[in-house]
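Colleague: sequence plus the predicted model coming up.
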There are 2 protein chains.
Amino acid sequence: MTAPAQKNDTQTQRAYQTLKSLVMENKLKPSASYLETELAEMLGMSRTPVREATLQLQSEGFLSIRPRHGIIVLPISIEDMQDIYDLLTELEPYAAEKVARAGLGAEAHDLLMSHVGAMDAALEADDLVAWADADQAFHMDLVRFAGNARLSKIIGTFWDQVHRARIATLTLRPKPVCSNEDHRKLVELVQAGNWKAARKLHRDHRENGKTMLLNLIKHHNLSHL
Amino acid sequence: MTAPAQKNDTQTQRAYQTLKSLVMENKLKPSASYLETELAEMLGMSRTPVREATLQLQSEGFLSIRPRHGIIVLPISIEDMQDIYDLLTELEPYAAEKVARAGLGAEAHDLLMSHVGAMDAALEADDLVAWADADQAFHMDLVRFAGNARLSKIIGTFWDQVHRARIATLTLRPKPVCSNEDHRKLVELVQAGNWKAARKLHRDHRENGKTMLLNLIKHHNLSHL
DNA sequence: TCAGACTTTAATGCATACATTAATTAATGC
DNA sequence: GCATTAATTAATGTATGCATTAAAGTCTGA
């Protein structure tokens, strides 16, 4: 899943996790605004930890705090999607290249392939949400193997930011069969150490995804997800 | 300069700005640790805004908050430098490409060239800090012209994170004469719309900078800046 | 002397009180 | 009736108090 299973031992962390989940799962509607007090009551805590959590979520691009106007769930526009996918198109292939250059350990390989397996199974079962989760897990793990913590954090945030859009378009898009093939091929190339091909494949993969997603959003007029 | 000249109308913002500056300018020593109360007293405010500011600075990678152990100024290791410069090597050339593709307005061109001018003047005056500032301003503006706010934010944070290291090595490195040439050439290529060459030049420029910096750090044993 | 249990200390996490100030409403003058 | 200003309201920004709990220090018995 998406949530990185942290110890939520402080109220602030709990508030952070809960609010982030609510935003990502579209439980707090985009463009809607809430007062600190409301959120505090909603979460059963005082304003202090809510403030701390919302500040974090603001700097990560999920919320916008406009004093006296409330805490606003940031909608994700087409321009946001473009910007984010443009960066993913640069960064993820770089990660793939780096992993391919460094070599893929057996456990790493198995983990990635297990995600591909999950994606296959999900497709078979027609469980698109499960497919999306496995897809994300695959990409996050691949990036993690590149061994650059900052890169992982950035890419993770981006994936989380586009999460609503991905879910919203899941049923509108064609079944991601080729996508699964891409992943399998990518693992092969990475393991073979063919970093050039791995990078190119990943780049194409990401660009295809981007184009498809943006077209869906435009055609279906999903302007403010 | 580095500080983005914001309205510091709340204590939290003031705390954020002040602490960030103190960290970047090496006034708060790396690896040193401070208590919330200390910082609050130091800044002449209560713990609350200090807490909020330090949380931000932690998520941006400047501080580490370890309850009961204090707020620690994160030292920047060689690995950090590698990771950051690796990402800059991917992202800045991408920005240059994007600007070259979109075209450079007259004002934009002039602004960039004014930075180059400042760099020349600084070199002439042997004012290395001024040179570093102009260098950063050049790159930040170039990235800004790419029109991707997320990209700007990320790159800005990275530059700020390596600021201490850049300053510390300023007097150890050879005079950045070629660097100035690179910038001038880069502006030319960007303006000519030659995105491929612009990207490559920027990539080489960044990789050279990275190699030089890392070597300096290794040779001079500046392990925990 | 040293290990382990107990006590003390104090830093943090959180709630809350209060002051400030922006937004809203009411009031006033034209 | 409308614009402008004053009064009201209430949400935020900040300080502060308190409970919790980790760390440091002390004590005891082997």
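Modeller: In hand now; what should we look at?
Colleague: which ones are touching the nearest residue to A:Leu111 once chain neighbours are set aside?
Modeller: Spatially, and ignoring its direct neighbours in sequence, A:Leu111 is nearest to A:Asp141 (5.8 Å; CB to CB, 6 or more residues apart in numbering or on different chains). Every C-beta, even on glycine, is put in place using the N, C-alpha and C of the backbone. Contact analysis of A:Asp141 by CB atoms under 8 Å, 6 or more residues apart in numbering or on different chains lists A:Ala108, A:Leu111, A:Leu112, A:His115.
Colleague: now tell me what touches stretch A:108-121 from outside.
Modeller: By CB under 8 Å, 6+ apart, the list of residues contacting stretch A:108-121 from outside reads A:104, A:130-131, A:133-135, A:137-138, A:141-142, A:145, A:176, A:179-180, A:183-184, A:187, A:191.
Colleague: now the strands for chain A?
Modeller: For chain A, the strands defined by DSSP state E occupy A:33-34, A:63-66, A:70-73.
Colleague: ok, which of those strands comes nearest DNA strand C?
Modeller: Among the strands of chain A, strand A:63-66 comes nearest to DNA strand C, with 7.7 Å by CB to the nearest atom of the strand.
Colleague: list the buried residues in the closest one.
Modeller: A:Leu63, A:Ser64, A:Ile65 (16 or more other CB atoms under 10 Å in any protein chain shown).
Colleague: which non-adjacent residue is nearest the residue nearest to the spatial centre of chain A?
Modeller: Centroid check for chain A by CA atoms, centre = their mean gives A:Trp159 as the closest residue, at 2.0 Å. Using CB to CB, 6+ apart and skipping residues adjacent in sequence, the residue nearest A:Trp159 is A:Gln136, 5.7 Å away.
Colleague: any idea how far DNA strand C is from that neighbour?
Modeller: 29 Å (CB to the nearest atom of the strand, to the nearest Å).
Colleague: run the contact check for stretch A:70-83 versus chain B.
Modeller: Yes: for stretch A:70-83, a contact with chain B is found by CB under 8 Å from any CB of the partner chain, at A:Asp83.
Colleague: give me the residues contacting that stretch.
Modeller: The contact list for stretch A:70-83 (CB under 8 Å, 6+ apart) reads A:23, A:28-36, A:39, A:54, A:61-66, A:161-162, A:164-165, A:210, A:213-214, A:217-218, A:223-225, B:148-151.
Colleague: the same query, at a cut-off of 7 Å, please.
Modeller: A:23, A:28-36, A:39, A:54, A:61-66, A:161-162, A:164-165, A:213-214, A:217-218, A:223-225, B:148, B:150 (CB atoms under 7 Å, 6 or more residues apart in numbering or on different chains).
Colleague: which of the residues you listed are close to DNA strand C?
Modeller: Among those, no residue is within reach of DNA strand C (CB under 7 Å from any atom of the strand).
Colleague: ramachandran angles for the nearest residue to A:Pro30 once chain neighbours are set aside?
Modeller: Nearest residue to A:Pro30, sequence neighbours excluded (CB to CB, 6+ apart): A:Pro75, at 3.7 Å. Main-chain dihedrals, A:Pro75, degrees, to the nearest 10: phi -70, psi 160.
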